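In: Take a look and give me a structure for this.
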Amino acid sequence: MDIKKYLPAIVLVLSACTTQAGMSRHDIDNLVANCANQQAQIAFLQGQMPDQSTQLTNYMITASSVGMFSSLADGTYVERREMLDGARSNAVRLKIQQIREQCAR
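Out: Below is the predicted model:
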């Protein structure tokens with residue numbers, strides 16, 4: 001069985017089944033600090049950091065033409081690229097730092 005001819009279909013199915021979990025980068029950037037629940041908010045944000053599995057999945061989806069077009073069609077391409085480029089991780093780190101600084105006052 002030649003897997004190469006089935007690869008576009010596999011990628012398409014994977015891209016349809018895997019959606020962006022969690023907050024968008026825009027939502028992370030606009031999150032308002034709640035100093036009364038600072039630790040819970042920081043823990044929640046740390047949970048928004050993409051893990052290696054998610055990054056690998058996003059790479060496989062955006063690296064294939066079928067996955068790229070599929071994610072463009074469902075509106076997740078920009079978020080997937082931001083995750084791969086590290087923009088999402090940077091946004092989470094920055095927001096955590098901002099919460100700590102704001103709540104330390």
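In: Which residue is the nearest non-sequential neighbour of the most centrally placed residue in the chain?
Out: For the chain, the residue sitting closest to the mean C-alpha position, by C-alpha atoms, centre = their mean, is residue 83 at 4.7 Å. Nearest non-adjacent residue to residue 83, counting by C-beta to C-beta, 6 or more residues apart in numbering: residue 50, 4.9 Å away. C-betas here are computed from N, CA, C, even on glycine.
In: secondary structure class for the one you found?
Out: coil (DSSP: H, G, I helix; E, B strand; the rest coil).
In: related to what we said a few turns ago, quick one, grab the pLDDT at the residue nearest to the centre of the chain.
Out: Note on residue 83: pLDDT of 86.
In: Who are the packing partners of whichever strand or helix holds it?
Out: Using DSSP states H and E, the element containing residue 83 is helix 77-85. Helix 77-85 sits against helix 52-63, helix 65-74, helix 87-104, with contacts defined as 3 or more C-beta pairs under 8 Å, 6 or more residues apart in numbering; DSSP states H and E.
In: Which positions in that helix come out as buried?
Out: 77, 79-80, 82-84 (16 or more other C-beta atoms under 10 Å).
In: and those residues as CSV, adding distance to residue 98?
Out: Converted to CSV, these look like this (distance: C-beta to C-beta, whole Å):
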residue, distance to residue 98
77, 27
79, 21
80, 25
82, 19
83, 20
84, 24
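In: Show the contacting residues for the residue nearest to residue 83.
Out: 58, 83, 88-89 (C-beta atoms under 8 Å, 6 or more residues apart in numbering).
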